[in-house]
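Colleague: Sharing a model that was predicted from the sequence below.
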Amino acid sequence: MVSVIACNFIPSSRLFSSNFNTYLNKNKTTMVMTVQSSTDEKVGEEKIKRLLGRKIAFTTPSDYATRLIHLIEQEGAEPLWCPTVVVEFTDHTKQQVFKSIWEENNVGTETLFDQYSAIAFTSRAGITAFAQALEGRGNPLNEKGDTFVVGALGRDAQLVRDLKFCVENPRVKTLVPTIATPKGLVDELGDGHRRKILCPVPLVLGLDEPSVVPDFLMALQAKGWDAVRLNAYVTRWAGSDCAQMLLGMSQIDAIVFTSTAEIQGLLKSLCSFGVDWNMFKGRHPMVVAAHGPVTASGAQRLGVQIDVVSKQFHSFAGVIDALALSWSSVNKKL
């Protein structure tokens with residue numbers, strides 16, 4: 001079980017991006033720290049570093065942190081990783097995913113997958129949960145039958161293509177919407193004609209569930225799909241002191257949010273220190289950026305004003321581009 005604590009920045013620590021996942025696996029505790037990482041590859045060395053000297057905070061859980069660290073450093077900025085939510089695969093969620101695919105009886109293990117016509121992934125964690133349940137087992141989908149649609153958002157589709165049953169079964173059609181949002185996925189799926197679609201989503205603990213998942217399921221139902229919710233993993237609050245590191249920073253030029261739950265987690269932690277959002281932002285004249293319109297909308301509902309919203313949100317590169325453009329525009333005016 002992974003937990004998150006707050007700690008002061010240790011100047012002698014250097015966390016290499018290429019070894020980031022190894023670091024997390026070796027440590028039972030995920031440390032909230034100012035992340036200074038480097039890579040052996042000199043990616044973008046000749047490229048103009050558009051965010052040189054900036055300090056950019058972000059609140060993503062660990063499964064997305066590596067990608068943002070790389071993009072931020074590539075532009076010459078310093079990443080300040082402060083996760084406010086934690087993503088976990090518990091014994092309970094693992095069992096739920098397994099039971100959605102397989103049935104164990106006296107004969108052996110039989111597949112339950114053929115009752116569905118599609119599966120809709122809205123996160124990397126959902127895909128990972130399925131990969132774990134399929135590990136070491138055969139193809140859960142019979143090769144004969146109608147097209148089976150596997151939907152995913154943006155770059156997460158790369159993980160879908162690695163799922164064994166997606167590669168080996170001619171029935172499978174991978175669907176990646178042009179607009180990388182749950183609504184975009186619903187629109188691309190089209191009319192469900194009362195077919196069943198499995199939706200691996202998070203079980204939210206310690207926070208109010210953002211409207212994203214309920215809205216997604218209702219939109220599928222409205223399109224004629226029989227949407228089956230599957231709590232495939234846990235998203236939980238990182239704890240009351242998860243924002244402590246940010247409160248101690250002397251410089252934060254921007255903060256990037258990639259989900260509504262992250263924002264709620266930060267606000268809840270700030271409240272435990274007697275600080276509200278306006279007080280926190282007043283300490284730092286920072287740019288507040290949202291990865292896509294769904295996160296921006298959730299922020300507005302929580303009273304957090306967003307300055308920059310990425311237009312290209314199939315990848316985190318979009319929000320980095322939006323930040324660079326924002327500062328570039330300000331410099332031109334000056």
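Modeller: Looks like it came in fine.
Colleague: going forward, measure contacts between C-alpha atoms and count neighbours the same way
Modeller: Will do.
Colleague: shouldn't G145 be in contact with R171?
Modeller: Yes - checked against Cα atoms under 8 Å, the pair G145 and R171 is within contact range at 7.0 Å.
Colleague: Show me which of these two is the more surrounded one.
Modeller: With neighbours defined as other Cα atoms under 10 Å, G145 and R171 compare such that R171 has more, 18 against 11.
Colleague: residues touching that one, list them.
Modeller: Shown in contact with R171 (Cα atoms under 8 Å, 6 or more residues apart in numbering): E143, K144, G145, D146, T147, F148.
Colleague: Run a quick neighbour tally on D321.
Modeller: Under the criterion other Cα under 10 Å, the count of neighbours that D321 has is 17.
Colleague: how much space between it and D208?
Modeller: Distance, D321 to D208, by Cα to Cα, to the nearest Å: 31 Å.
Colleague: do S315 as well
Modeller: Separation of S315 from D208 (Cα to Cα): 26 Å.
Colleague: Neighbour count: these two, which is higher?
Modeller: Taking other Cα under 10 Å, S315 and D208 do not tie; S315 has more neighbours (18 against 12).
Colleague: Low-confidence ranges, this structure, go.
Modeller: Along the chain, the model assigns pLDDT under 70 to residues 1-46, 107-108, 329-334.
Colleague: got the domain boundaries for it?
Modeller: Per the record, the chain has its domains at 3-84+240-333, 91-236, by automatic domain parsing.
Colleague: all helices of the protein, in order?
Modeller: Secondary structure of the chain by DSSP state H: the helices cover 20-26, 62-74, 91-101, 124-134, 157-160, 164-168, 182-189, 212-222, 244-247, 260-272, 277-283, 293-301, 317-333.
Colleague: Could you list the buried residues of the third one?
Modeller: By neighbour count, and taking 16 or more other Cα atoms under 10 Å as the criterion, the buried residues in helix 91-101 are T93, K94, Q96, V97, F98, S100, I101.
Colleague: mind listing what V212 touches?
Modeller: Here V212 is in contact with P182, V294 (Cα under 8 Å, 6+ apart).
Colleague: give the contact list for N139.
Modeller: Contact analysis of N139 by Cα under 8 Å, 6+ apart lists K164, F165, E168, N169.
Colleague: wait, doesn't Q305 sit right on G298?
Modeller: No - look at Q305 against G298 with Cα under 8 Å: they stay out of range, at 10.3 Å.
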